[in-house]
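1. Build me a model from this:
(chains A and B)
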Amino acid sequence: MTRLSDWTTSRIFALLILVGLLSVVFLWSLNPVGSQAQTTFAVYLSIDLVVFAMASYIFRVSKWKEGVGRLPLVAGCLALLVLFYVGLTA
Amino acid sequence: MSGPDQSRKTGGTVERLVGWLDSRLGLSHEVLRPVPRYSINPFYWLGALAMVAFLIQGITGSIMLLYYVPSPSTAYASTLYIFQSVSYGQFLETVHLYTAYAMIMLAFMHMMRGFFVSVHKKPREVMWVTGMLMGFVTLGFGFTGYLLPWTVVSYSATKVGTAMIGLLPGPVSSFAEFLLIGAGGDAGELLRFFDLHVVVLPAILLVLLGVKMYILETHGVSEPVTGGTPDPKGRGRTIPFFPDVSFYLLELAALFGAAMLLVSVLFPLSLPAAYSPAAAGQSISQPDWYFLWIYQIIKISAFEQAGLTWALSFVALIFVVLVLLPFIDRGGTRRIARRPLYITLGLVFMAEVAVLTAWGHLTPGQVIPNEQALLVLGGTALLVSTISWAAYKYLPSHPPRSVKAEPTSLQSGATSHGHSTSTWTSGIFVAVLGLGALSIGDSINSIVVMAASGINAPGLATLAFSLVGLTLAVVASSFLLYRLDLGQGRIKRHVKAFEVGWRL
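-> Numbers count the residues shown, from 1 in each chain, chains lettered A, B, ... in the order given. Sure thing, here's the model as predicted:
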């Protein structure tokens, strides 16, 4: 598996934290009544969970000095893009 | 600021936070023993994921408890109130149901994986029995929780279950009736089910979890099955539970939670009609999917009336054998290649459960003729046994030379790739076996149905579809057997010998 440099990894980590924070802020702004809000809530909460999993993966693998793999991060970023698209169009 | 400097700063902040937590809580001081590097693999943590599902159910269930009222006159109304008027109420109920399904599925996968890699063998016999008891408690959650919404479907299905209690042997039947039915009547029964679901079963599960964790801490994670003896490399590198393994588990839990949320959004729950005697008379009693395989056995015509006791005894025998497995399968080796009988029995069991469940879903309320049952269940067993026999005859009994050496890190290129390819091929092989079993069951079923009621277009379409599935399964099995054999080339040698004989 291709490994990413520390420089790239640290920027992705910072970006993930930002995306997670934005998603949390958006979650708190939702009107909780109605099925539409339930869908949006679930999608944005999923985004937060995926962001957390990716950030935790970067922290853990960096600590093991095994190098952060490109594939899990690309897969995670694609999942986030799809979820954002679903969240915005729901 | 340069790149690496910023990286150190980011890593430093998180590490400082982890260090702060550790110094206050003492998490790294051997609270849980370090685990071997090879156990950083989702298949080792299926049981932990089942407990994550239990935790999510605890959270969603606790919120629903604020509104739910367990009496026949209010149970459905309060469930409907949660659905329609409570913020995110429908979402809560949907997540609660789907995590329950996931918990049962994960527990089953955890059990079957444990069976195939022989975790039930010495010295983990008690851990296996504890795990099986936890599995029964998980099924108990499903059984008791199903009644609580008081819908026509849940009431009818539960009545079928409780009616079977009377067929159990005397003392067992009396105890089960006392436990489930109480003072009698719908009100008493609902209250008993509610108490069991929210108090008794969670308490029992937590105690059993404590026992299992204690045994796990005593013996550690089981070694991978790489030969007749435990892998000596497995004892090498270990990873501290906190923060490394804890973070890995949190990653798995987060991804599992995200998947559950998305499934709940894609397939939101709709509440069936309320129970009433009139509505119950019109509906077909059918248990939830995890009990369907048992129900399908009971529906076989040989087990009707007096034969029902035999059917229940047969199902009870399966459970007893599963619990006592460590004392039955006592062979010294844990290696899959040396356990053909047990591995084949395990595969047949999995295939039969899948076929019975799918079949039960397709034939609600229908009595199954004996010949049809014999053909479908016998055909499934025959197919799976034949493929298993072929695999044992032609697959290499030792791992190929290229994958024998255990990789020392994730970056060990070719060896790691060879091992992971073999693992994936084996996984796909098991899935293909399942497809083949379902296809043969479905094709025999459609032939029998057409023989009984005449040839028709839907029947022909089902037959054609299942035959295509069966052909695909056979072709895919042959390809996968060949692929798994590449390291040793036994199939290649057989083919060559056959070709030489043909030419002569």
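2. ok, residue A:51 - contacts?
-> Applying CB atoms under 8 Å, 6 or more residues apart in numbering or on different chains to residue A:51 gives the contacts A:16, A:17, A:19, A:20, A:23, A:80. Glycine gets a C-beta too; all of them are placed from N, C-alpha and C.
3. Check the spacing between the last one and chain B real quick.
-> Spatial separation of residue A:80 from chain B under the definition CB to the nearest CB, to the nearest Å is 10 Å.
4. next one: the first one
-> Separation of residue A:16 from chain B (CB to the nearest CB) stands at 11 Å.
5. Report all helices and strands that whichever helix or strand that residue is part of contacts.
-> When elements are defined using DSSP states H and E, residue A:16 is found to belong to helix A:6-28. Here helix A:6-28 touches helix A:35-63, helix B:3-25, going by 3 or more CB pairs under 8 Å, 6 or more residues apart in numbering or on different chains; DSSP states H and E.
6. export those helices to TSV and tack on distance to residue B:66?
-> Converted to TSV, these look like this (distance: least, CB to CB, whole Å):
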stretch	distance to residue B:66
helix A:35-63	18
helix B:3-25	31
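7. Can you flag the buried ones in the contacts of residue A:51?
-> With neighbours counted using 16 or more other CB atoms under 10 Å in any protein chain shown, these contain these buried positions: A:16, A:19, A:20, A:23, A:80.
8. ok, now which ones touch the second one?
-> In this structure, residue A:19 makes contact with A:47, A:51, A:80, judged by CB under 8 Å, 6+ apart.
9. show me what contacts the first one?
-> Taking CB under 8 Å, 6+ apart, we find residue A:47 in contact with A:19, A:20, A:23, A:80, A:83, A:84, A:87.
10. Looking at the residues you listed, spot the one nearest chain B.
-> residue A:83 (8.1 Å; CB to the nearest CB).
11. isn't the closest one right next to residue A:48, touching?
-> No - here residue A:83 does not reach residue A:48: they are 9.9 Å apart, not a contact under CB atoms under 8 Å.
12. re earlier: adding pLDDT, write the buried ones among the contacts of residue A:51 out as CSV.
-> Compiled in CSV, the buried ones among the contacts of residue A:51 are given as follows (pLDDT from 0 to 100):
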residue, pLDDT
A:16, 90
A:19, 88
A:20, 87
A:23, 85
A:80, 92
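13. mind putting the residues you listed in JSON lines, distance to residue B:101 included?
-> Shown next, in JSON lines, are those (distance: CB to CB, whole Å):
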{"residue": "A:16", "distance to residue B:101": "30"}
{"residue": "A:19", "distance to residue B:101": "30"}
{"residue": "A:20", "distance to residue B:101": "28"}
{"residue": "A:23", "distance to residue B:101": "27"}
{"residue": "A:80", "distance to residue B:101": "26"}
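14. ok, residue B:178 - how many residues close by?
-> 11 (other CB atoms under 10 Å in any protein chain shown).
15. which residues of chain B fall in strands?
-> B:35-36, B:238-239 (DSSP state E).
16. and of those strands, who's closest to chain A?
-> strand B:238-239 (7.9 Å).
17. Check what contacts that closest one and list those residues.
-> A:64, B:34, B:35, B:36, B:37, B:40, B:245.
18. dump the residue contacts of the residue nearest to residue B:97 when sequence neighbours are not counted.
-> Nearest non-adjacent residue to residue B:97, counting by CB to CB, 6 or more residues apart in numbering or on different chains: residue B:269, 5.8 Å away. By CB under 8 Å, 6+ apart, residue B:269 lies in contact with B:90, B:93, B:94, B:97.
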